Structures are given as structure tokens and as C-alpha cells.
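Peer 1: Just the structure for this:
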Amino acid sequence: MSNLTQILIIVAIGLHALAALFWAGSSANLARTGGMGAEILFPRQMGAALIATLTGGHLWSALHTGGFGPYEMVLAFGVLCAFIAAGIQGAVVGGSIRKLRAGGDEAGLRKRMAGAYRASAGLLALALVAMVIARFI
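Peer 2: You can find the predicted model right below:
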């Protein structure tokens, strides 16, 4: 592996970890606050989700192309959890924000967003745990 390849992997790991931690942490915070501030953080969260997905895909292609053993199975579980979390946030939170801007029932929509953030925060916590423990399986 060349020095450039190693540097790219190091940068990808750093970006992947930072984006994933921001996404999971802000989701947990928004779940705790009942979705207050989601209008501001939601686009940034989806940007972090995109960065985590792109860098994770690069890391998978660079480091896990040889087979599909226990390590890759645990990582794939984490990927699945993150994808489900992104789908929940995109559909429920994104839809609720659009309805809020159109003058919808704020209390009901905030409750809906909080539930979506609780579910996605749990899934993202599982994804983070999977990334951390995968190499030890």
C-alpha cells in the first residue's frame, strides 16, 4: 500500500468518524429536546450522513474487498442501522419540517420528530458500536 493510499485511508477514517459522531450526537440531542432546533440541524445532519456514507463506502472498497467474514458482517449490520436511521430522518423529520413551514400543527409535528429522532439515535448508536467492536469480533 502506497503512502498516498495510507493517507487517504487515514483522512477517510477521520471524516467518517467525525461525521458519524456529529450525526448520532445531534440526533440524540434533538430527541432529548423534542425536536426543537431540527429546522437548523436537519440539513447539516443529512450532510453528515452523506459524508459518513461516502467515506464508509470508500473505506469498505479499500479495506474489505477480500471476503465477507465476521468483521464485515458486524460492519454491514452497522451500515444497515445507519441507512434505516437516514431513511427515518429523511422521511419523518424532513416531512415534518416541510409541514411546519407550511403552518402545520407544531405540537404534533414536534412530537413526531422527537419520536423519529429517538428511533434514529438508537439505530445510530448501534451503528457506532458496530464500527468500534467489529475489529474485535
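Peer 1: Spell out the residue ranges of the helices in this protein.
Peer 2: Remark: helices assigned in the chain by DSSP state H are 3-32, 38-63, 70-88, 94-101, 106-133.
Peer 1: need the ones you listed in TSV with mean pLDDT, can you?
Peer 2: Shown next, in TSV, are the helices of the chain (pLDDT from 0 to 100):
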stretch	mean pLDDT
helix 3-32	95
helix 38-63	96
helix 70-88	96
helix 94-101	96
helix 106-133	96
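Peer 1: Dump these to a markdown table, plus mean neighbour count.
Peer 2: For the C-beta atoms, the positions are set from N, CA and C on the backbone; glycine is no exception. Compiled in a markdown table, the helices of the chain are given as follows (neighbours: other C-beta atoms under 10 Å):
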| stretch | mean neighbour count |
| --- | --- |
| helix 3-32 | 16 |
| helix 38-63 | 17 |
| helix 70-88 | 18 |
| helix 94-101 | 16 |
| helix 106-133 | 19 |
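Peer 1: now Leu124, nearest residue through space, not along the chain?
Peer 2: Ala24 (3.8 Å; C-beta to C-beta, 6 or more residues apart in numbering).
Peer 1: number of nearby residues for Met1?
Peer 2: 8 (other C-beta atoms under 10 Å).
Peer 1: Could you tell me the model confidence score at it?
Peer 2: Model confidence at Met1, given as pLDDT, is 72.
Peer 1: With Gly66 instead?
Peer 2: Note for Gly66: predicted pLDDT of 81.
Peer 1: and what of the one 3 residues further on?
Peer 2: Reading off the confidence values, Gly69 has pLDDT 92.
Peer 1: what sits against it?
Peer 2: Residues counted as contacts of Gly69 (C-beta atoms under 8 Å, 6 or more residues apart in numbering): none.
Peer 1: who touches stretch 55-66?
Peer 2: With contact meaning C-beta under 8 Å, 6+ apart, stretch 55-66 is reached by 5, 8-9, 12-13, 15-16, 19, 71-72, 75, 79, 82.
Peer 1: circling back to that earlier point, quick one: the residue nearest to Leu124 from Gly47, how far?
Peer 2: Remark: distance between Ala24 and Gly47 (C-beta to C-beta, to the nearest Å) = 14 Å.
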